[in-house]
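> sequence? don't have it. structure:
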């Protein structure tokens, strides 16, 4: 198992940017697919973005496509979520998840078996 710790959450004004980090420890994330999910109060956890083990395959939810970028740096054992043009509706706790998986296919939400504790992102209007 790999341990994941998110950081970078903050309070930011609408239109601003943040970069979330997901630091892995215990194992290298080089063979792991990474995903970012978010959960707002009273709502279900939802998919935000995912990247396969090599970084060659990515996916985004329609709500963040064109504004968010997912990346992973295997040398630093860290994943990232660059968030630009933030909107109040992006306010949520953001979670990083990982699954040991090679190939281009990205895991489903229920397939991720390593989760971080979350970091809070708040966007004011």
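Looks like it came in fine. Predicted model only: the values in this text are computed from it and were never measured.
> And for residue 41, the neighbour number?
Neighbour count of residue 41, defined by other CB atoms under 10 Å: 7. The C-beta positions use only the backbone N, C-alpha and C, and glycine is treated the same way.
> Over to it. Which of the three states is it?
coil (DSSP: H, G, I helix; E, B strand; the rest coil).
> Skipping its backbone neighbours, what lies nearest the spatially most central residue of the chain in space?
In the chain, the residue lying closest to the centroid (CA atoms, centre = their mean) is residue 36, at 2.4 Å. In this structure, residue 36 finds its nearest non-sequential neighbour in residue 48, 4.3 Å apart by CB to CB, 6 or more residues apart in numbering.
> element containing the one you found, please.
Assigned by DSSP states H and E, residue 48 falls within strand 46-51.
> helices or strands next to that strand in the packing?
Applying 3 or more CB pairs under 8 Å, 6 or more residues apart in numbering; DSSP states H and E, we find strand 46-51 packed against strand 32-39, strand 58-60, strand 68-73, strand 78-83.
> Mean neighbour count, these: which tops it?
The highest mean neighbour count among these, using mean count of other CB atoms under 10 Å, belongs to strand 32-39: a mean of 24.
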